[in-house]
Structures are given as structure tokens and as C-alpha cells.
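> below are the sequence and a predicted model; questions follow.
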Amino acid sequence: VQLQASGGGLAEPGGALRLSCAASGGTLDSYTISWFRQAPGKEREWVSTIRHGAKVTYYTDSVKGRFTISRDSHTAYLQMNSLKPEDTAIYYCARGRPALGSITDEQVYYSWGQGTLVTVSS
């Protein structure tokens, strides 16, 4: 299953964007999907996860209450509201079957989307 991330762009502070992570060659049903991001000059960091099955969601503290992760069989989404300049980054989606304690570990994911750039600036 290959992933294709899209939806990035330029938004003003306080604005919104919705990222998509589309699957090809299969469905996302049996996989946990996570979003990571890499800001300029920084290491990639975990942002959010939605588990397969019960679809339980998790968020890093800096995006709680602003970002919402969701999914269907073929696409995962990251709705980003109340954007801040510090949200500027390349956003990547990833699929895997990590244990709950490993969802932030990049090494446990099987495949990644190519990344989509989000720029928050006035």
C-alpha cells in the first residue's frame, strides 16, 4: 500500500487547511495511520495518530484542540484549524501497526507519503 499526501499550501495565522493521505494498492483498514512533520532546521516530530479498528486518536500537546485526525478505508485526513506560524513544516503521513507505546517512533512504520508543505504566514 502506497501513500500520497496532499493538501498543503499557504495559510494565514488563524486559518485552516486539510491534509489528505490517500492509499493506493490497497486499503488503510488494517493499519494505524500517523502524521509527522518536519519544520525547517528541526528533526521530524510526531503530530497525531489514528488507530485501526476502534479509531482511537492521539495528538501531540501543541496541536490538541486545533487538529483533528480522521480516516476512511482509502484516505486519512488531518484537519488543521487555528494555524500558527510554528505549524509551518513538511507534513508526512505513515502507516504501520505500532504498539501503543511506539506510535511516535518513526522506525515502526512500514511506508510513508512523500510529504506536503504547510506554510503559515501573514
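Looks like it came in fine.

> give the bridge partners for residue 19, please.
Per DSSP bridges, the residues bridged to residue 19 are residue 78.

> that one: what's it in contact with?
Contacts for residue 19 (Cβ atoms under 8 Å, 6 or more residues apart in numbering) come out as 5-8, 35, 77-78, 80, 91, 93, 116, 118. To be clear about C-beta, it is placed using only N, CA and C from the backbone, and glycine gets the same treatment.

> before we move on, what about residue 77?
Per Cβ under 8 Å, 6+ apart, neighbours of residue 77: 18-21, 68-71.

> out of the contacts of residue 19, grab the one that's most surrounded.
residue 93 (32 neighbours; other Cβ atoms under 10 Å).

> so which residue is dead centre in the chain?
residue 35 (2.3 Å; Cα atoms, centre = their mean).

> so for the residue lying closest to that one once chain neighbours are set aside, what's the pLDDT?
Excluding its sequence neighbours, the residue lying closest to residue 35 (Cβ to Cβ, 6 or more residues apart in numbering) is residue 47, at 4.4 Å. Note on residue 47: pLDDT of 98.

> also residue 52?
88.
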